[in-house]
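**Student:** My questions are about this predicted structure, shown below with the sequence.
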Number of protein chains: 2
Amino acid sequence: MLRLLACLLMSTALAPFLAAEDGYRLWLRYDPLPETVRSDYAAAFTEIVTPANPSPTVALARDELARGLGGLLGSTVPTATQASRPHALVLGRPNDPAIAALIRESDLRAAGEEGFILRRLATPDGPRTYLVANRDIGLLYGAFALLRHVQARQPLAALDRVESPRIQRRLLNHWDDLDGFVERGYAGFSLWQWFHLPGEIDPRYREYARALASVGLNGAVLTNVNANAVILTPPYLEKVAALARTFRPYGIRVYLPARFSAPIEIGGLKTADPLDAGVAAWWRAKADEIYRLIPDFGGFIVKANSEGQPGPQDYGRTHADGANMLADALSPHRGIVMWRAFVYSPDNATDRVKQAWDEFAPLDGSFRQNVVVQIKNGPLDFMPREPFSPLFGGMPRTRLALELQVTQEYLGQSVQLAYLAPMWKEVLDADTYAAGPGSTVARVVDGSLRLQNLSVIAGVANTGTDRNWTGHVLAQANWYAYGRLAWDHALSSEQIADEWIRLTFGADPEVVATLSRMLLTSRETVVNYSMPLGLHHIMAVGHHYGPGPWVANLPRADWTSVYYHRADEGGIGFDRTPTGSNALEQYAGPWRELWGNVATVPENLLLWFHRVPWDHRMKSGRTLWDELCLRYQQGVDEVRALQRDWASLAGKIDAERHAHVTTRLARQERDAREWRDACLLYFQTFSKRPLPPGVEAPAHDLAHYKSIRLRYMPGNPGGG
Amino acid sequence: MLRLLACLLMSTALAPFLAAEDGYRLWLRYDPLPETVRSDYAAAFTEIVTPANPSPTVALARDELARGLGGLLGSTVPTATQASRPHALVLGRPNDPAIAALIRESDLRAAGEEGFILRRLATPDGPRTYLVANRDIGLLYGAFALLRHVQARQPLAALDRVESPRIQRRLLNHWDDLDGFVERGYAGFSLWQWFHLPGEIDPRYREYARALASVGLNGAVLTNVNANAVILTPPYLEKVAALARTFRPYGIRVYLPARFSAPIEIGGLKTADPLDAGVAAWWRAKADEIYRLIPDFGGFIVKANSEGQPGPQDYGRTHADGANMLADALSPHRGIVMWRAFVYSPDNATDRVKQAWDEFAPLDGSFRQNVVVQIKNGPLDFMPREPFSPLFGGMPRTRLALELQVTQEYLGQSVQLAYLAPMWKEVLDADTYAAGPGSTVARVVDGSLRLQNLSVIAGVANTGTDRNWTGHVLAQANWYAYGRLAWDHALSSEQIADEWIRLTFGADPEVVATLSRMLLTSRETVVNYSMPLGLHHIMAVGHHYGPGPWVANLPRADWTSVYYHRADEGGIGFDRTPTGSNALEQYAGPWRELWGNVATVPENLLLWFHRVPWDHRMKSGRTLWDELCLRYQQGVDEVRALQRDWASLAGKIDAERHAHVTTRLARQERDAREWRDACLLYFQTFSKRPLPPGVEAPAHDLAHYKSIRLRYMPGNPGGG
């Protein structure tokens, strides 16, 4: 065998395949450690011991460790069912008395249902590493954690960790349509090959599940919240079941969107009224049918009465009526309903950011125990920056899930670099004051604030069929960071970036330092050149890619840009204080005070909460107009800094990934200039002021930018 | 470096990537030859000599040889600009006097513009291999030919070959839409990432071009004949130009579909009348614009006045008026127009298979010299079996192109195995008798029948983003075979299958023999279980995947199945003799005689030309009904034979590709049963006869088969 491999090696033909750095391997590379650090680890892991007849999940843990340690250490680490050497790595559960004797009861309690214990112990047979969990899935999570530990080159001697996830259901939400398009997907097409399912299991499904498990994600909503009832028909449920079987050993449950009108569309009923007995019976039967095929089915997500989707209000019922009817169908099977709060009424003249509160806050306490209301991080729609959604502080008697968008709909899609962990940390760490200071969104969501029995976090996936999974190879960091934060929202953005870089690009200190800086500044950079100072929703219509501050005259005012920036000769910004829409009233007192005062509101939310004149004096001493211009310029300058940083890594990163990112950064620089020029030229028609020194002159006139029409954009089906 | 590679090798982590047999490498694998045969070749190729400062194309030839020989021989073959060792492999053109002195003038003439000479010669410096061509592209084609020669383990001693393509323009036609869908594409989505072009060149574009060049294809129509004028707008032409630049060193020109109404849709004109001076001027300016960006642009393909596409008839003009106007716009740049004859009138009561003739034959002689009329192999539409299109014999004064469908729209798409070379050979070898016996379609198309100055062949591509390029890994054989036949239509199906198998799966005699048998019988198998005995167009509506003999009542009669099979209690079949539609009159006398007589017509075309009673006596002595039933059963049995054959190769083919094909064959067997049961149950409602012994009883009743509804099928955009 080695001889054959040696032959292969000699072959120049194989070199391109050997070397293909196309991003497919994600953060699970396991390339050999430098020899200088390898020997300690090699000595510490002489064999991998698992119980005989392991479950599929334990076998995955064992195989991942064998593959990972074998790769990192450059030599095979044998597996065994009995420890026979010193320095064995032993995987086990406390039902093995030998294991139970070594592990503290308190640690087992702390590890809980999904967690693990990693401990290096001296035993009569020499030092050993123990990976212990109450359930098999904990062993798989622990295996990935141990491999991260080794790749981070952390010492083993003091290895003594107990980990468990803070949130129970850690989901990716796929907005994949049945025809293969991914709404707001920028990395190719859907991973799910419905036509070939259930008979054919694409090997990539397992790689997908492995990637999810490696960051601790344990659920996937397979198709779009803009739902298609066909997914609930028997042929498609067979296909879903095949995916569920494939994902199960990785600890991943599948969930589906429930189109509220499905009883009519595929059930032959005349109504979908949630209080109609026939409708409720239909859903109960549908749930029973699903659970016969998929015993661990997770539940339904519902987008109802929002952006044209059907819902209970079509029948004069409330969101709670709809959610509870579905919840009752699922509860015999322990399934849950994730009911989205992303709702704004087609005939509501109120400030759109207030409407979710208006719809949902009054329903607090009326949802079943197996319903979570799923709330986007901000009250509008995944903008580059929004304040946290006030609903997190407004429904104390309701289980609330946090929905984040991993795919970069409004942050440059797969072209622009935007590491989103800092944005997500803003909302996780935001204090709702709902039960006094320290009532962070994270504690609302993870249930610790009120000891909830059900906690959910959702991330809208950025994955697709692109070979590198996420379109932009650096966007893999967002998938990774989402998973890590879902597992432990106390991790810092810096810590996650550092981890991901080491796993994905290696431990060269210059690579780590430079790429960390790039990642950590990147989101604010996008904010600066697109929607600085609290501006929001001024992007191009439909595809949401470039600038469109002039967008007006759409069927709904709150789909336009002018609705949000309200620029005229008198000034710019949306007054959400009591003199305006008073959206501010939905927040707790400390926020009303801080944000309500134009003198104390952080400048990065100034125009979200206030309408101010163009010569409003900023903290810098500059006028608002000058500050705005300089922020846009700063965004462009920062992209150029990203380019310089990345260029400095040439030779330290493989040529293929380096060239890929170089190309995308070049486009990002062009796009940033377009944002700057388009927005400043447009706003200048109101401000009537010159661009201040330091701001580059626009390359074209405003008419040029307004004439740009991007067609057939990824992620925007039907956008011809 | 070697040490690093050795390290990598030790890593078990890399093993899965090393071993990934996902089909991505196509027939260009270059895995090491067995040592027993390797040494002769190793001795024969000691270095690769190319002129200094090679053109990009020559550099590609050199690099391909270095990669290929290096891989096959298991050691690096050095490159040089001067031969310094015996057994050098020397690439050159006759402008080098040293080369010219060695090569016969007649061979250079025979090699022509694109061909090459491969010759082993004794020289004062020892034996050398010469690869000589008049133009650089010939060296690239020769490099691939030499690598095939080595992989086929042919002796080198007598190497003395002159090759040149028989057809000048050998095109793949991509039916790719701008949103990424591929109409009738079953291998994922479009390879062209329009959003990221022109700035970003996906490495896969080069692999695509390399694959085309390796089989001698030299052109690609990038987008769908159901055309979108947006491809002709400036931003898209920039993108097309970037692809053209990428493909150019591989000898590949790009072509585009021209939507006839483009002057209105993107030009702002009020008409697209081809005789309108403004329209002609618009197309001239558009052609000039294209050639400024793409100096070697190939030309336009046009689907006009067909299936809803706009065309000259909208203005009362002829196809010739339309084609000639475009041809005049292109001719200053030596571009061509490929005008499709796939035309049937929306308001024509004639037998549809007659209509292309009716439309085009009268126009013979009225097309410009740079127009080819592009004709599908048969008069209907890529059925599993059709007679050749009579138009090939009916337009002696017009340049005619042959359009083949590599993608298996009506032959099981990417699920079912159907090696199409035998089908294509049927039409290529068919004698039109247009200039006496021997006037084969091949000779009409390659121009040799009348010494035409322009020859074109087109294959509708089966490529897509699937990692294995063609969805079904064995469907790669169709891409390969199409290219090889386009280069040399005299190659036999057997020869091409043998070549492809050796390149793709190695030279194990059992693999070669078994897989050859599978490939060579596979198309007839599909005919047997889907449309035997001359049946045609009885597939499901829209997606065209499964059976639909009951399809009726569509907006057009000639879109239905009942229009074509005409089954009733009296019999089945379409009378195309003088007692019926007399489509037969479009063929030459010998065919009219042979096919017009129910006693002499080959049974595989019986129901294409004749309507016969259910108890019509077949050559076997059986009734038509019994024969039909047994043919359907035979098709199913043959799929099971394919399964057994393939199973017998387990262990001789890598596990990954073996499992993939096993899965698809299992589905094919199920599909074949569905075809058989659905068609026989349906036809039985007319024949009122029992299934003869040997035919398996249907698993379900007819209502079941009629109720099957496949949604969101690949290749059928909008088919929800």
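**Tutor:** Received, thanks.
**Student:** List the buried residues for the lengthiest helix in chain A?
**Tutor:** Here the longest helix in chain A is taken by residue count, with DSSP state H as the criterion, and it is helix A:655-687. Within helix A:655-687, the residues scored as buried using 16 or more other Cβ atoms under 10 Å in any protein chain shown are A:656-661, A:664-665, A:668-669, A:671-684, A:686-687. C-betas here are computed from N, CA, C, even on glycine.
**Student:** same thing with stretch A:324-332?
**Tutor:** Using 16+ other Cβ under 10 Å as the test for burial, stretch A:324-332 gives A:324-331.
**Student:** From the geometric centre of chain A, which residue sits farthest away?
**Tutor:** Within chain A, the residue lying farthest from the chain centre (Cα atoms, centre = their mean) is A:P124, at 45.5 Å.
**Student:** Please tell me how far it sits from A:N604.
**Tutor:** To A:N604, A:P124 is 60 Å away according to Cβ to Cβ, to the nearest Å.
**Student:** circling back: the helix or strand just after the longest helix of chain A - contacts with which helices or strands?
**Tutor:** Once helix A:655-687 ends, the next helix or strand along the chain (criterion: DSSP states H and E) is helix A:702-707. Counting contacts by 3 or more Cβ pairs under 8 Å, 6 or more residues apart in numbering or on different chains; DSSP states H and E, helix A:702-707 packs against helix A:655-687.
**Student:** In terms of secondary structure, what does the helix it packs on contact?
**Tutor:** The helices and strands touching helix A:655-687, judged by 3+ Cβ pairs under 8 Å, 6+ apart, are helix A:509-530, helix A:624-648, helix A:702-707.
**Student:** Try it again at 10 Å.
**Tutor:** Packing partners of helix A:655-687 (3 or more Cβ pairs under 10 Å, 6 or more residues apart in numbering or on different chains; DSSP states H and E): helix A:15-19, helix A:493-505, helix A:509-530, helix A:562-565, helix A:624-648, helix A:702-707, helix B:203-214.
**Student:** That one versus helix A:493-505: what angle between them?
**Tutor:** If you take axes from the mean of the first three to the mean of the last three Cα atoms, to 10 degrees, helix A:655-687 sits at 140 degrees to helix A:493-505.
**Student:** Compute the inter-axis angle for helix A:655-687 and helix A:509-530.
**Tutor:** 30 degrees.
**Student:** Just want the angle from helix A:655-687 to helix A:624-648.
**Tutor:** Orientation check (the same axes, to 10 degrees): helix A:655-687 against helix A:624-648 gives 170 degrees.
**Student:** How far off centre is helix A:655-687?
**Tutor:** Offset of helix A:655-687 from its chain centre (Cα atoms, centre = their mean, to the nearest Å): 24 Å.
**Student:** average pLDDT for it?
**Tutor:** For helix A:655-687, mean pLDDT is 98.
**Student:** Relative to chain B, which residue of the stretch 401-550 of chain A is the closest?
**Tutor:** In the stretch 401-550 of chain A, the residue that lies nearest chain B is A:T465 (6.1 Å; Cβ to the nearest Cβ).
**Student:** State the distance from the nearest residue to that residue once chain neighbours are set aside to B:A475.
**Tutor:** Leaving out its chain neighbours, the residue that sits closest to A:T465 by Cβ to Cβ, 6 or more residues apart in numbering or on different chains is A:G188, at 3.6 Å. Remark: distance between A:G188 and B:A475 (Cβ to Cβ) = 21 Å.
**Student:** Compare those two and say which one has the larger neighbour count.
**Tutor:** B:A475 (31 against 24; other Cβ atoms under 10 Å in any protein chain shown).
**Student:** Out of the buried residues of stretch A:324-332, name the ones that lie in helices.
**Tutor:** Among the buried residues of stretch A:324-332, the members found in helices (DSSP H) are A:324-330.
**Student:** Which pLDDT does the model give the nearest residue to A:W487 once chain neighbours are set aside?
**Tutor:** Spatially, and ignoring its direct neighbours in sequence, A:W487 is nearest to A:G216 (3.7 Å; Cβ to Cβ, 6+ apart). Reported pLDDT at A:G216 in the predicted model: 98.
**Student:** Show me what from the stretch 51-200 of chain A comes close to chain B.
**Tutor:** Residues of the stretch 51-200 of chain A lying near chain B by Cβ under 10 Å from any Cβ of the partner chain: A:63, A:66-77, A:177-181, A:186, A:188-190, A:193-196, A:199-200.
**Student:** Mark which of those are buried, thanks.
**Tutor:** Buried by 16+ other Cβ under 10 Å: A:63, A:66-74, A:77, A:177-181, A:186, A:188-190, A:193-196, A:200, out of those.
**Student:** Which ones among these map onto helices?
**Tutor:** A:63, A:66-73.
**Student:** Let me know the closest of those residues to A:T350.
**Tutor:** A:G68 (53.5 Å; Cβ to Cβ).
**Student:** Apart from its chain neighbours, what residue comes closest to the closest one?
**Tutor:** Counting by Cβ to Cβ, 6+ apart, A:G68 lies nearest to A:L147, which is 4.2 Å off, once chain neighbours are set aside.
**Student:** what about A:N553, how many neighbours?
**Tutor:** A:N553 has 8 neighbours, counted by other Cβ under 10 Å.
**Student:** can you check A:L243 too?
**Tutor:** Per other Cβ under 10 Å, the neighbour tally for A:L243 reads 24.
**Student:** again with A:A52
**Tutor:** Counted by other Cβ under 10 Å, the residues lying close to A:A52 total 7.
**Student:** in which helix or strand would I find it?
**Tutor:** Here A:A52 sits in a region with no helix or strand, counting by DSSP H and E.
**Student:** Doesn't A:G464 belong to a strand?
**Tutor:** No - A:G464: not assigned to a strand; according to DSSP: H, G, I helix; E, B strand; the rest coil it is coil.
**Student:** Identify the residues contacting the closest residue to it other than its chain neighbours.
**Tutor:** Setting aside the residues directly before and after it, A:G464 is nearest to A:A187 in space (Cβ to Cβ, 6+ apart), at 3.3 Å. Neighbouring residues of A:A187 by Cβ atoms under 10 Å, 6 or more residues apart in numbering or on different chains: A:407, A:413-414, A:461-472, A:475-476, A:479, A:714-715.
**Student:** please redo it, this time with the cut-off set to 8 Å
**Tutor:** Going by Cβ atoms under 8 Å, 6 or more residues apart in numbering or on different chains, A:A187 touches A:414, A:462-466, A:468-471, A:475.
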